[in-house]
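Visitor: got a predicted model here, sequence first, then my questions.
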Amino acid sequence: MVKIGNIELPDYPLLLAPMEDVSDPPFRRLCKLHGADLMYSEFISSEGLIRDAMKSRKKLDIFDYERPVGIQIFGGDEEAMALSAKIVETVEPDLVDINFGCPVKKVVCKGAGAGVLKDVDLMVRLTKAVIKSTHLPVTVKTRLGWDEDSINIDEVAERLQDVGVQALTIHARTRAQMYKGHSDWSHIERVKNNPRITMPIFGNGDIDSPQKALEYKNRYGLDGIMIGRAAIGYPWIFNEIKHYFNTGELLPTPTIQDRVEAARNHLTWSMDWKGERVGIVEMRRHYTNYFKGIHGFKEYRQKLVTTDDGETLFRILDEIQEVYSDYQIESS
């Protein structure tokens, strides 16, 4: 069993990564339904929360069926981070996570996200400010370092644990790599094997199949893994990995009916949470992933991403299920 504060997770838990414009309540609900053990909100700007920015406040929405669930915040100012942690606490998540890993330029330029990797003293001060302002467990997600020449994750892990961080997720790339190139989990393995480290260590980066998940589980000996991009349009990956761990067998590839059902649920929950218009528009980015690998699907994809009416979209999904009812999707 893995513990984060008073949160008890199963052995080798599978975490859903906090992804901007993806990890919202409708998407998290699907991933929970298909086996995710711990999930996080999209990352939320501490300054946005303090300004009462509507988009930032909306991201605080969590639901009991998601638990355990964490809310992730980012920022480069101690006072703002402390105050935003207090705001987060009011919605009663199970934990607060700090983002020290986002490589996007607009975040890094504000001295936040992965930008803090260049100033470990500041990272520690920001973390202490959050820990002092909340009774919730505080965790951190970060990267190996700024670039290949400044990998500092060993120091980062020790210093974060020393100030009270209760779990650490490490994306096995540097900021300079963004999301490209090879992720190097050997650095995470070294952190895990450090006799000073007692908090759970989770690995993130390039897990896109049950086979790779088991390979990395056995090779690196971490406490669990976080899955991000591989879950977009494919929430089944969590249960597929668990089944493979337990049996050594692969579950059948989701059928057309499975995919239509997931898309239909996602659309329904998106409209319920965001309102019909916004829910429809923001769902469009997901259809390609749900129906990936289906030959001759271009016409239906075009309909799905241009239709503005919910009832029509549901009819299109029904038609897809009927037309492709006998279609065999090859495993990716």
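Guide: Arrived safely, thanks for sending. Numbering: from 1, shown residues only.
Visitor: let me see the contact set for Phe291.
Guide: Residues in contact with Phe291 (Cβ atoms under 8 Å, 6 or more residues apart in numbering) are 259, 263, 297, 300-301, 320. C-beta: built from backbone N, CA, C; applies to glycine.
Visitor: what segments of the stretch 201-332 of the chain are strands?
Guide: Along the stretch 201-332 of the chain, counting by DSSP state E, counting those that start in this stretch, strands occupy 201-204, 224-227.
Visitor: what's the last one packed up against?
Guide: Contact partners of strand 224-227 among helices and strands, from 3 or more Cβ pairs under 8 Å, 6 or more residues apart in numbering; DSSP states H and E: strand 14-16, strand 201-204, helix 210-220.
Visitor: picking that back up, of the contacts of Phe291, grab the buried ones for ChimeraX.
Guide: This is how ChimeraX selects the buried members of the contacts of Phe291, with burial counted by 16 or more other Cβ atoms under 10 Å:
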select :259,263,297,300,301,320
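Visitor: any idea which of the contacts of Phe291 is closest to Phe27?
Guide: Ala263 (11.8 Å; Cβ to Cβ).
Visitor: tell me the pLDDT of the residue nearest to that closest one when sequence neighbours are not counted.
Guide: Sequence neighbours aside, Tyr290 is the residue nearest to Ala263 in space, at 4.7 Å (criterion: Cβ to Cβ, 6 or more residues apart in numbering). With respect to pLDDT, Tyr290 has a value of 95.
Visitor: can you pull the contacts of Tyr290?
Guide: With contacts defined as Cβ under 8 Å, 6+ apart, Tyr290 is in contact with 233-234, 259, 262-263, 266.
Visitor: including pLDDT and distance to Asn99, could these go into CSV?
Guide: Shown next, in CSV, are the contacts of Tyr290 (pLDDT from 0 to 100; distance: Cβ to Cβ, whole Å):
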residue, pLDDT, distance to Asn99
Gly233, 93, 23
Tyr234, 95, 24
Arg259, 96, 31
Ala262, 97, 27
Ala263, 97, 29
His266, 97, 25
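Visitor: can you redo those as TSV with distance to Asn193?
Guide: Below are the contacts of Tyr290 laid out as TSV (distance: Cβ to Cβ, whole Å):
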residue	distance to Asn193
Gly233	35
Tyr234	32
Arg259	41
Ala262	39
Ala263	42
His266	40
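Visitor: out of these, which sit inside helices?
Guide: Cross-referencing these against helices under DSSP state H gives 259, 262-263, 266.
Visitor: so what's the residue lying closest to Trp269 once chain neighbours are set aside up against?
Guide: Nearest non-adjacent residue to Trp269, counting by Cβ to Cβ, 6+ apart: Pro26, 3.7 Å away. Contact partners of Pro26, counting by Cβ under 8 Å, 6+ apart, are 266, 269-270, 272-273, 279.
Visitor: can you check Gly275 too?
Guide: The contact partners of Gly275, by Cβ under 8 Å, 6+ apart, come to none.
Visitor: do the same with Ile7
Guide: 38, 68, 94-95, 137.
Visitor: let's see that with 6 Å instead.
Guide: Ile7 makes contact with 68, 94 under the criterion Cβ atoms under 6 Å, 6 or more residues apart in numbering.
Visitor: over to it: give its phi and psi.
Guide: phi -90, psi 120 (degrees, to the nearest 10).
Visitor: show me what it bridges to in the sheet.
Guide: When assigned by DSSP bridges, Ile7 has beta-bridge partners Ile4.
Visitor: was I right to think Ile237 contacts Met226?
Guide: No - Ile237 lies out of contact with Met226 (Cβ atoms under 6 Å); the separation is 12.0 Å.
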